[in-house]
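J.: Return a 3D structure for these sequence lines:
(one chain, ligands or ions: 2)
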Amino acid sequence: MTFSSSLPQNGGPGHEDRRPTESTRRADALMEEDVAWSHEIDGERDGDQFDRSERAALRRVAGLSTELEDVTEVEYRQLRLERVVLVGVWTSGTSQDAENSLSELAALAETAGALVLDGVIQRRDKPDPATYIGSGKAQELRDIVLESGADTVVCDGELSPGQLIHLEDVVKVKVVDRTALILDIFAQHAKSREGKAQVALAQMQYMLPRLRGWGQSLSRQMGGGGSGSAGGGMATRGPGETKIETDRRRIREKMAKMRREIAEMKTGREIKRQERRRHKVPSVAIAGYTNAGKSSLLNRLTGAGVLVENALFATLDPTVRKAETPSGRLYTLADTVGFVRHLPHHLVEAFRSTMEEVGDADLIVHVVDGSHPAPEEQLASVREVIRDVGAADVPEIVVVNKADAADPLVLQRLLRAEKHAMLVSARTGQGIEELKALIDDELPRPSVELEVLLPYTKGKLVSRVHNEGEVLSEEHTGNGTLLKARVHEELAAELRAYEPHVIA
Ligand SMILES: Nc1nc2c(ncn2[C@@H]2O[C@H](COP(=O)(O)OP(=O)(O)OP(=O)(O)O)[C@@H](O)[C@H]2O)c(=O)[nH]1
Ligand SMILES: [Mg+2]
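T.: Ligands and ions are numbered 1, 2, ... in the order given. Take a look at the predicted model:
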């Protein structure tokens, strides 16, 4: 199956020269399934028993009342994305930037399971406060929707509840924004109970100001009198309003409950992390823009079989794997959720705990897709999130991936601009050994250097020195293993009893 997804090539208002772009196999595959917007459990992805029980648990958590479900069905804009037209407002930067942004939106829509029919960009100083694109353009958009037979318009930004409603009134099909789209993808991909709960929370947060009763806009019902004011009493309070208020209250309660549950789930992960910290195992976090090849790199470095997919946000659950440097030191390597420009704020919040893996790391391996048209922009957006989660001080190695597929000129440019960068290809294995060596160099070294003579009965301590420290020399003597090593404070304290002069 083929389809044309087209974007305007150039120019400002009125200049809508369209150019077909490539479709992905992924979108086609997804079109076969009925990919729906819901907290519903996707039977196809059901992996194992553990997953199943987690899902059952989540179903209960997400189960709002039947009454509320009616509202969510209408109001949550069920992203049964099928045939979509994209629309962007280009406010700054070059036309190429605007096009890249819309291409990314197309990739996001395809990842969500939509068929992208068309895309238009309008040049404006800022989005129209009422309808996002100008009202004249909105009419034109209506024509494009009719012509192409689209059932959904996806806007490249976060729209206010009012903008969504007004634009919907003009184009007469469902309008969703980039935020809802990303939330949808996250909802489809989240696997762990925690991930699912975080997405559900972010969805509710997004939905809260966007609730509408009986297909009318909230602002109209409220007469513009601010949110939630029910001061007028029975006579002035319409049934829709009452319902909305009840629903809102229920959602808020649900959200509070969800936050508590997430906090509890977080504790489990926190304990594991503390355990790792206690053993002073250095940690490396792989961060980077979505689809940069983070999971591929993790697999290359550790042989872990993490899902790799040519789709945005294939990974939503942080995977932590053990890895070993060429010199034999153990460290942990964490795969993380990919970043995307304009990552919805709710999601950054919701995934903050996940991103703490990054904040906590001894080293960030920042993967960037060298074959992308604008890798510099991706580097910048990721760094913004890294700053956001308080990880700005963590040392960073920039790993330019997909060297096999990238334009050599772009690679040169990147390496010139990024001082601490190297080229790899997770696909061909190019540069992987060098990266391992670099990680070895960059990992913090244990602080205490000592020499000990460990009796052969203390084999456990010997292996701890190997795993947690750095062995400088090892010799098997008549009295035991003579080790010269660098270790962390705690281990040093246990080893001091075996310093040769003590024994001798
Ligand atoms: N040509 C080429 N493709 C690569 C390379 N590394 C990864 N890819 C492809 O890039 C796509 C994304 O790879 P992933 O490893 O899933 O990327 P990710 O950063 O984990 O993506 P998310 O988890 O979705 O954020 C897949 O189709 C990979 O096969 C590489 O070195 N060269
Ligand atoms: Mg991944």
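
J.: Could you measure from S135 over to K419?
T.: Using CB to CB, to the nearest Å, S135 is found at 49 Å from K419. Yep, even glycine has a C-beta here, placed from its N, CA and C like the rest.

J.: for H372, same thing?
T.: Separation of H372 from K419 (CB to CB): 20 Å.

J.: These two: which has the busier surroundings?
T.: Higher neighbour count among H372 and K419: H372, with 20 against 7, using other CB atoms under 10 Å.

J.: and the residue nearest to that one when sequence neighbours are not counted, what does it touch?
T.: Counting by CB to CB, 6 or more residues apart in numbering, H372 lies nearest to Q378, which is 6.2 Å off, once chain neighbours are set aside. Neighbour list for Q378: 288-289, 292, 341, 368-369, 372 [criterion: CB atoms under 8 Å, 6 or more residues apart in numbering].

J.: And the residue of this structure that's closest to ligand 1?
T.: G338 (2.5 Å; CB to the nearest ligand atom).

J.: what about that residue, how many neighbours?
T.: Neighbours around G338, by other CB under 10 Å: 23.

J.: when you give positions from now on, start the count at 871
T.: Renumbered: residue one is now 871, and that last one reads G1208.

J.: So for it, what pLDDT did the model give?
T.: G1208 carries a pLDDT value of 78.

J.: P1243 too?
T.: With respect to pLDDT, P1243 has a value of 87.

J.: Check whether the residue of the chain closest to ligand 1 really touches G1163, as I assumed.
T.: No. Contact criterion CB atoms under 8 Å: G1208 and G1163 do not qualify, at 9.9 Å.

J.: show me where pLDDT drops low in the stretch 871-1020 of the chain?
T.: For the stretch 871-1020 of the chain, the stretches with pLDDT under 70 are 871-951.

J.: what does it have sitting close to ligand 2?
T.: Proximity of the stretch 871-1020 of the chain to ligand 2 (CB under 5 Å from the ion) involves no residue at all.

J.: give me the residue from the stretch 871-1020 of the chain nearest ligand 2.
T.: Nearest residue of the stretch 871-1020 of the chain to ligand 2: T981, at 12.4 Å (CB to the ion).

J.: Tell me the confidence at the residue lying closest to M1135 once chain neighbours are set aside?
T.: Spatial nearest neighbour of M1135, excluding adjacent residues (CB to CB, 6+ apart): E1064 at 4.4 Å. pLDDT recorded at E1064 is 79.

J.: isn't E1064 right up against A1133?
T.: No. Applying CB under 8 Å as the test, E1064 and A1133 come out as separate, 10.4 Å apart.

J.: Which one's more surrounded, the two?
T.: E1064 (25 against 11).

J.: any weak-confidence spans in the stretch 1221-1370 of the chain?
T.: If you take pLDDT under 70 as the line, the stretch 1221-1370 of the chain has these spans: 1221-1226.

J.: where do the strands sit along it?
T.: Ranges of strands in the stretch 1221-1370 of the chain, per DSSP state E, counting those that start in this stretch, are 1233-1239, 1266-1271, 1291-1293, 1318-1324, 1340-1347, 1350-1357.

J.: mind listing what's buried in the shortest one?
T.: Looking back up the chat, that one is strand 1291-1293. By 16 or more other CB atoms under 10 Å, the buried positions in strand 1291-1293 come out as 1291, 1293.

J.: That one pairs with which strands, parallel or anti?
T.: Strand 1291-1293 sits in its sheet next to strand 1266-1271 (parallel), going by DSSP bridges.

J.: who touches the partner strand?
T.: 1162-1163, 1166-1167, 1233-1240, 1245, 1249, 1256, 1276, 1281, 1284-1285, 1288, 1290-1296, 1305, 1308-1309, 1312.

J.: Try it again at 7 Å.
T.: Strand 1266-1271 is contacted from outside by 1162-1163, 1167, 1233-1240, 1281, 1284, 1288, 1290-1296, 1305, 1308, 1312, using CB atoms under 7 Å, 6 or more residues apart in numbering.

J.: Can it be said to contact ligand 1?
T.: Yes. Judged by CB under 6 Å from any ligand atom, strand 1266-1271 comes into contact with ligand 1 through N1271.

J.: Can I get that strand in PDB, CA atoms only?
T.: Extracted in PDB, the C-alpha atoms of strand 1266-1271 (Å, rounded to 0.1, in the frame of the first residue of the first chain):
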ATOM      1  CA  GLU A1266      28.500  13.800  28.600                       C
ATOM      2  CA  ILE A1267      29.900  12.000  25.600                       C
ATOM      3  CA  VAL A1268      28.300  12.800  22.300                       C
ATOM      4  CA  VAL A1269      27.900   9.700  20.200                       C
ATOM      5  CA  VAL A1270      27.000  10.400  16.600                       C
ATOM      6  CA  ASN A1271      25.300   7.200  15.500                       C
END
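
J.: Please state the mean pLDDT value computed over stretch 1113-1130.
T.: The pLDDT scores in stretch 1113-1130 average 86.

J.: Stretch 1172-1185 now?
T.: Mean pLDDT, stretch 1172-1185: 60.

J.: what's the helix or strand hosting L972 packed up against?
T.: Applying DSSP states H and E as the criterion places L972 in helix 965-981. Identification of packing neighbours for helix 965-981 by 3 or more CB pairs under 7 Å, 6 or more residues apart in numbering; DSSP states H and E yields strand 875-878, helix 895-902, strand 953-960, strand 985-993, helix 1048-1059.

J.: thinking again about what came up before, now, which of the contacts of strand 1266-1271 lie close to ligand 1?
T.: 1162-1163, 1295-1296.
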